[in-house]
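J.: Sharing a model that was predicted from the sequence below.
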Amino acid sequence: MAEEAGRVRPTEDYVRSLAQQSGATEQQIRDIVSLIGLDRASILREARLLRRDLGPKL
């Protein structure tokens, strides 16, 4: 089977959009999605918190 059971895969456009909106990297967005799923508001909240915690490195 190409994908693991229960694993969500966002589209590249979805990841790119969230990354631009939140200031996180696309890889960070993918990591967040793997933890919490595809809920846009939750992803943005976590990405913004991550960005704030990491400081100006992003």
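T.: Looks like it arrived, so ask away.

J.: what sits against Ile36?
T.: Shown in contact with Ile36 (C-beta atoms under 8 Å, 6 or more residues apart in numbering): Ser42, Ile43, Glu46. For every residue, glycine as well, the C-beta is placed using N, CA and C.

J.: and of those residues, the nearest to Ser22?
T.: Distance to Ser22 across the contacts of Ile36 (C-beta to C-beta) is lowest for Ile43, with 7.6 Å.

J.: Can you name the residues that contact that closest one?
T.: When the contact criterion is C-beta under 8 Å, 6+ apart, the partners of Ile43 are Leu18, Ser22, Ile29, Ile32, Val33, Ile36.

J.: ok, it to Asp13 distance?
T.: The gap separating Ile43 from Asp13 is 14 Å, by C-beta to C-beta, to the nearest Å.

J.: Can you tell me the closest non-neighbouring residue to Arg40?
T.: The shortest distance from Arg40 to any residue that is not its chain neighbour, by C-beta to C-beta, 6 or more residues apart in numbering, is 7.1 Å, and that residue is Leu18.

J.: Pretty sure that neighbour sits against Ala47.
T.: Yes. The pair formed by Leu18 and Ala47 meets the contact definition of C-beta atoms under 8 Å, at 6.7 Å.

J.: Common neighbours of those two, please.
T.: By C-beta under 8 Å, 6+ apart, Leu18 and Ala47 have these common neighbours: Ala24, Ile29.

J.: Which pair of the contacts of Ile43 spans the longest distance?
T.: Based on C-beta to C-beta, the longest span within those runs between Ser22 and Ile36 and measures 13.5 Å.
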